[in-house]
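J.: Need a 3D model of the sequence below.
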Amino acid sequence: QVQLVESGGGLVQPGESLTLSCAASGTIFRLGAMGWYRQAPGKSRELVASIISGNNAVYSGAVEGRFTISIDSAKNTVYLQMNSLKPEDTAVYYCNAEGDYYGEYGWDDFGSWGQGTQVTVSS
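T.: Numbering: from 1, shown residues only. Next up, the predicted model:
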């Protein structure tokens, strides 16, 4: 189907910036929506930002105005630019993609998750 590989996590100080990348690969596929979720220790996974068809972006209230999601359709890659990072942004960030792929029996839907990348904001 479709595989997602994330990169860009790390340790930063409060107020600094970080950019996450997520590249989708597979045989024949079409991307619909891509998004970033995060999961902090002891908490459930939550939506951070999503983008549909490369145009409509949605953000959680906790990150709106600080984070920007964008997509490079030619590279099948989604980015999350994170500015003014706070300690409460510390979490494992997961990439998600939905769309359809051409398999053995024709077009079918898919939903894929990346392996997760750790973001730690601490002084």
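J.: Output the below-cut-off pLDDT ranges for the chain.
T.: Along the chain, the parts satisfying pLDDT under 70 run over 54.
J.: Could you tell me the end-to-end distance of stretch 51-63?
T.: 14 Å (C-alpha to C-alpha, to the nearest Å).
J.: can you list the residues that contact that stretch?
T.: Stretch 51-63 is contacted by residues 32-35, 46-50, 67-71, 73, 78, 82, 88-89 when judged by C-beta atoms under 8 Å, 6 or more residues apart in numbering. Any C-beta I mention is one placed from the backbone N, CA and C, and that applies to glycine too.
J.: In contact with the spatially closest residue to residue 103 that is not a sequence neighbour, which residues?
T.: Spatial nearest neighbour of residue 103, chain neighbours left out: residue 1 (7.4 Å); criterion: C-beta to C-beta, 6 or more residues apart in numbering. Neighbour list for residue 1: 26, 29, 101, 103, 110, 112 [criterion: C-beta under 8 Å, 6+ apart].
J.: before we move on, what about residue 45?
T.: Going by C-beta under 8 Å, 6+ apart, the list of residues near residue 45 reads 37-39, 94.
J.: Please, which helix or strand holds the residue nearest to the spatial centre of the chain?
T.: For the chain, the residue whose C-alpha lies nearest the mean C-alpha position (C-alpha atoms, centre = their mean) is residue 36; its distance is 2.9 Å. For residue 36, the enclosing helix or strand under DSSP states H and E is strand 29-39.
J.: who's the residue nearest to the centre of the chain bridged to?
T.: residue 49, residue 95 (DSSP bridges).
J.: Quick check, it in contact with residue 50.
T.: Yes. Residue 36 lies in contact with residue 50 (C-beta atoms under 8 Å); the separation is 7.4 Å.
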